[in-house]
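Pasted the sequence and its predicted model underneath.
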Amino acid sequence: ITSLIQELHKADYVHGDLRDANFVVKNKKDFMLLDFDWAGSKQETHYPIRVDQKDIRRPDDARNGNKITTEHDLEML
């Protein structure tokens, strides 16, 4: 999963919502990544205004209009 996310980053994209509910894992090699609503170019993509920080563990600055970073994606893994 980490190598897939790194490939996404190499292509200049971020996901922004890499929580367990957004992965469907069949085995070590077969999985799907879901929910690309927040994904986009890492230079231009920001979190929505209301980000759930209470029920979902996210990086401290992953909130309310802030830029989505590759570091956020990796920290959420």
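Yep, that arrived. Numbering: from 1, shown residues only.

Give me the distance between the residue lying closest to Asp37 once chain neighbours are set aside and Lys10.
Computed as C-beta to C-beta, 6 or more residues apart in numbering, the closest residue to Asp37 that is not its neighbour in sequence is Asp17, at 7.2 Å. Where C-beta positions appear, they are placed from N, C-alpha and C, glycine not excepted. As judged by C-beta to C-beta, to the nearest Å, Asp17 and Lys10 stand 19 Å apart.

thought the residue nearest to Asp37 was touching Gly40?
No: applying C-beta atoms under 8 Å, one finds Asp17 not in contact with Gly40, separated by 11.6 Å.

which one of those two has more residues nearby?
Set side by side, Asp17 and Gly40 show more neighbours around Asp17, with 25 against 16, by other C-beta atoms under 10 Å.

Give me the distance between the spatially most central residue of the chain and Asp52.
By C-alpha atoms, centre = their mean, the mean C-alpha position of the chain lies nearest to Gly16, the distance being 2.9 Å. Distance, Gly16 to Asp52, by C-beta to C-beta: 13 Å.

all helices for the chain, in order.
For the chain, applying DSSP state H gives helices covering 2-10, 70-76.

what sits against Gly65?
46-49 (C-beta atoms under 8 Å, 6 or more residues apart in numbering).

now swap in Ala62 and tell me
So Ala62 contacts 16, 47, 51, 53, 68, 72, 76 (C-beta under 8 Å, 6+ apart).
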